[in-house]
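Student: Sequence and predicted structure, then a few things I'm wondering about:
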Amino acid sequence: MNIRPSAAIRQNYNEIADMCRKTEEPVFLTKNGEGDLVVMDIETYNRREKMLKLREELLGAQEDRIAGRIGCTLDELDVYLDEIISEV
């Protein structure tokens, strides 16, 4: 976990940006010793958003299945998941 004081973003922007890109992890910024902001590179952010969306969709599908609602065939699901994974 990368933690830096909030002043570091002004003083060391390029260093923090490089760290985010290389580690593909967020950097946590503190203000007065308390958590304040999280910074990450745009590719990591987009990948996390896509994974979150996929998890939400899978949860919805699971809830539909449990409730007995009609879903899709395994082949349709396989194609759909391949498309989603290729986007990530």
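Tutor: Thanks, I have the structure now.
Student: For residue 68, report the pLDDT, please.
Tutor: At residue 68, the predicted lDDT confidence score is 85.
Student: ok, residue 77 - contacts?
Tutor: By Cβ atoms under 8 Å, 6 or more residues apart in numbering, the contact list for residue 77 reads residue 71. Just so you know, the C-beta spots here come from the backbone N, C-alpha and C atoms, and that holds for glycine as well.
Student: redo that, cut-off 10 Å
Tutor: 58, 61, 71 (Cβ atoms under 10 Å, 6 or more residues apart in numbering).
Student: The second one - how many residues pack around it?
Tutor: Neighbourhood size, residue 61 [other Cβ atoms under 10 Å]: 15.
Student: What separation do you get for it and residue 9?
Tutor: 40 Å (Cβ to Cβ, to the nearest Å).
Student: Check the first one too.
Tutor: Using Cβ to Cβ, one gets 35 Å for the distance from residue 58 to residue 9.
Student: The closest residue to residue 39 other than its chain neighbours: neighbour count?
Tutor: What sits nearest to residue 39 in space, not counting adjacent residues and going by Cβ to Cβ, 6 or more residues apart in numbering, is residue 27, at 4.8 Å. By other Cβ under 10 Å, the residues close to residue 27 number 21.
Student: can you give me phi and psi for residue 27?
Tutor: phi -110, psi 130 (degrees, to the nearest 10).
Student: The residue of the chain most remote from its centre in helix, strand or coil?
Tutor: Distance from the centre of the chain peaks at residue 68, with 30.5 Å (Cα atoms, centre = their mean). Secondary structure state of residue 68, per DSSP: H, G, I helix; E, B strand; the rest coil, is coil.
Student: Please state the offset of the lowest-mean-pLDDT helix or strand in the chain from the chain centre?
Tutor: Using mean pLDDT, DSSP states H and E, helix 74-87 stands out as the lowest-scoring helix or strand of the chain, at a mean of 88. Centroid separation between helix 74-87 and its chain, computed with Cα atoms, centre = their mean, to the nearest Å, is 19 Å.
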